[in-house]
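# turn this into a structure:
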Amino acid sequence: MKNAVIYARYSSDAQKETSIDDQIRDCKKFATDSDYRIIRIYRDDCVSGKTDSRNQFQQMLSDSAKELFDIVIVWKLDRFARNRNESAINKVKLKKNGVKVVSAMEHIPDGPEGIILESVLEGMAEYYIYDLMEKTTRGRIGVALQCKHTGGRPLLGYKVNPDRTYSIDEYNAETVRQIFHMYANGASYSEIIDEMNRQGRKTAAGKSFGKNSIHELLRNERFIGIYTYNKIPSENGKRNSHATKSEDKVIRIPDGIPAIISMDDWNAVQKKMQKNKHTQASYKAKIEYLLSGKIFCGECGGAMVGQSSGSHEKYSYYECSTKKRLRTCSKSNIKKETIENAVINYTIDYILSKEFRESLVDLILQQDDERRKSAQLIIGLKERIKQNQAAIDNIVKAIEAGIFTKTTKEKLESLENESELLSSQLLEAETMQSPQYTKEAISAWLSKIATKAKKSTDGNKYLLYSFVSAVYVYEDGTVKIIYNLGNKEQKITLSDLNGAGDRT
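You can find the predicted model right below:
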């Protein structure tokens, strides 16, 4: 009899406590039916599954190294994680410790069919979260187009008026002007930080300045009156201030908010920042070989590895590792773009085919016909969000009336943090209500994967990771692609690079 543990999670404190107890009961029944011995139960209450920053989840990962259990039972795969990348990484950690994750309610078979099914179930859960997030973002665009506050903490030097427009907070605006003036006149980041600390000046979050906060402040174009929205991307619910979205997705409105810095001062600072950048003799872009670990020589069976040659690495290709090491294989090298484009184009065509879609739909629809209803939870969360926003508006009005104390500041920050948490919980509750496993939803998911694959490298990687098990390349130009679903093999010829190729 194998030892097993149960991991259970639910997202919102507005849910009934029985929701997690129901999970555990179902998992215990599954364990009994499967002849597993339960030795411990890990549970995370009121915690989102969008990231793996969960106390009991991390404890379970840590305990897996002690070789006390062989199986982790979850009610459904989305209880383990709703982020597909983190799910894969954490399953690898468990696998290294000899531990397998199984679902009590989703009967996933072993073998190739199980691989693609698990991939689809996790992908669908993540797809619905981010699809709803995109819809939420679209709802805020109307507010942004009016150059109004869309939530969160205002930028240093600004305050939010009762009508959600911006005006200048003179005390903190002076902080911004001093930082720009000092830098333009030759002061280093360290000297600016020392002076700000001497004056007791703080960031918008009420913290002492650091080099990163100074750098971000000096390059923020909102200080010259340009209203921006949707500029900073986020991943797993966390904003990445070191990256920006593509220009076509960013709202940028000149003179949308009052300017704190003049254009002359702004240009002087930007010119100096550019000059102070550390120059590099040359920048060698990292070449990403999308088929790494999946591509093999059809002549000898050896793995093919990515290589590059020529000035500035202009020529990139895959080479048979047996040929490279032992010189016992005569397989010619194949250009990176040639084979990657051929496999990607064919795979897009294949997963959108009626044959593949019907096979996938039939497999998934066998797993779960349950439709979970959470209407009462959603109503409760929406009401709490409404009450929370009313409280925030009242504090903003009080601040505008001159009532600003440490207590009001802390209360405002607390309410804003609570508002973000409630929004996240509502998003997940709405996701849980969605009928995920319909034929229409699966077709839409496949179409979205295909669209992303056509547009971006990340989309290509997701496509190949989800569906392609192995690729074999032969000397005569034939390429054999093995897909996860049913271990199906498809063959193409490299003579047809713009489309799918010949099928045999």
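# Asn484 and Ala450, how far apart?
Taking Cβ to Cβ, to the nearest Å as the measure, Asn484 falls 16 Å from Ala450. C-beta here means a position set from N, CA and C on the backbone, and glycine is covered the same way.
# okay, those two: which has more neighbours?
Asn484 (22 against 19; other Cβ atoms under 10 Å).
# hmm, Tyr465 and that one touching each other?
No: in this structure, Asn484 is not within contact of Tyr465 by Cβ atoms under 8 Å, at 9.9 Å.
# for the stretch 101-250 of the chain, which segments count as helices?
Counting by DSSP state H, counting those that start in this stretch, one finds helices in the stretch 101-250 of the chain at the ranges 112-144, 170-184, 189-199, 211-218.
# can you list the weak-confidence ranges in the stretch 351-500 of the chain?
Within the stretch 351-500 of the chain, the segments meeting pLDDT under 70 span 363-376, 428-438, 485-488, 495-500.
# strands of that one, start to end?
For the stretch 351-500 of the chain, the strands defined by DSSP state E, counting those that start in this stretch cover 468-473, 478-483, 489-493.
# quick one: list the elements packing against the first one.
Other helices and strands packing on strand 468-473, by 3 or more Cβ pairs under 8 Å, 6 or more residues apart in numbering; DSSP states H and E, are strand 295-297, helix 336-351, strand 478-483.
# what does it contact?
With contacts defined as Cβ atoms under 8 Å, 6 or more residues apart in numbering, strand 468-473 is touched by 112, 115, 291, 294-298, 304, 318, 331, 334, 339, 343, 347, 479-484, 487.
# just the buried ones from those residues?
112, 115, 291, 294-298, 304, 318, 331, 334, 339, 343, 347, 479-484 (16 or more other Cβ atoms under 10 Å).
# neighbours around the nearest residue to Ala391 once chain neighbours are set aside, how many?
The shortest distance from Ala391 to any non-neighbouring residue, by Cβ to Cβ, 6 or more residues apart in numbering, is to Leu415 (5.5 Å). When neighbours are defined as other Cβ under 10 Å, Leu415 has 19 of them.
# same question for the one 5 residues further on.
For Glu420, the tally of surrounding residues (other Cβ under 10 Å) stands at 13.
# quick check: end-to-end length of stretch 208-227?
26 Å (Cα to Cα, to the nearest Å).
# what's the spacing between the spatially closest residue to Val396 that is not a sequence neighbour and Lys409?
Nearest non-adjacent residue to Val396, counting by Cβ to Cβ, 6+ apart: Val160, 5.9 Å away. Distance, Val160 to Lys409, by Cβ to Cβ: 13 Å.
# is Ser316 bridged to anything, and to what?
Listed beta-bridge partners, Ser316: Ser308 (assigned using DSSP bridges).
# I figured Val101 was touching Lys76, is that so?
No: the criterion here is Cβ under 8 Å, and Val101 misses it with Lys76 at 11.2 Å.
# can you pull the contacts of Ala184?
Contacts of Ala184 by Cβ under 8 Å, 6+ apart are Asp265, Ala268, Val269, Lys272.
# so among the residues you listed, which ones count as buried?
Asp265, Ala268, Val269.
# which one of these is nearest Ser359?
Val269 (58.9 Å; Cβ to Cβ).
# and the residue nearest to Val396, how many neighbours?
Using other Cβ under 10 Å: Val160 sits among 20 other residues.
# so it sits against Ile168, correct?
No: with contact defined as Cβ under 8 Å, Val160 does not count as touching Ile168 (11.6 Å).
# coming back round to it: hey, which of the strands of the stretch 351-500 of the chain is tucked in deepest?
Scoring these by mean neighbour count under mean count of other Cβ atoms under 10 Å gives strand 468-473 as the most buried, with a mean of 20.
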